[in-house]
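J.: sequence and predicted structure, then a few things I'm wondering about:
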Amino acid sequence: GVDHRAGFSGAMIDTRGKDGRRLTDHLPLPRLAGFAASCRAQGLLSGLAGSLSLDDIPALAALGPGYLGFRGGLCARADRTGRLDPARIGEAARRLAAIVPRGEAA
């Protein structure tokens, strides 16, 4: 496990390859939930990332991670090499706000 005594505030799972497969193609939701819960039990933040789309927000936010990491999902035309799209960022914020009470991490 991750040792917060070593100076870490948390741990993040991300996909290594950017071949279009998403985080949930590699790890099922119960495994990701276990990761988030283990981090919480150790007093650590957790992050989930890996070709996430806006449609992943409800299922992944429900697992209680400290963070969800996006790149392509917040870019114009979902192209991770493109510019951030303010409309997609706003939509992500709206979707998170609909799930997570104000003041809690997600």
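T.: Received it, and whenever you're ready, just let me know what you need. None of the values given here were measured: they were computed from a predicted structure.

J.: quick one: the strands in this structure?
T.: Counting by DSSP state E, the segments of the chain that form strands are 10-13, 45-49, 67-69.

J.: give the buried residues for the first one.
T.: When neighbours are counted by 16 or more other Cβ atoms under 10 Å, the buried residues of strand 10-13 are found to be 10-13. C-beta here means a position set from N, CA and C on the backbone, and glycine is covered the same way.

J.: ok, those residues vs G64, which is closest?
T.: Of all the buried residues of strand 10-13, G10 has the smallest distance to G64: 12.7 Å, by Cβ to Cβ.

J.: tell me the pLDDT of that closest one.
T.: You'll see G10 listed with a pLDDT of 92.

J.: run a quick neighbour tally on the closest residue in space to it that isn't next to it in sequence.
T.: When the adjacent residues along the chain are set aside, G10 lies closest to L45, with 3.1 Å between them (Cβ to Cβ, 6 or more residues apart in numbering). Using other Cβ atoms under 10 Å as the criterion, L45 is surrounded by 17 other residues.
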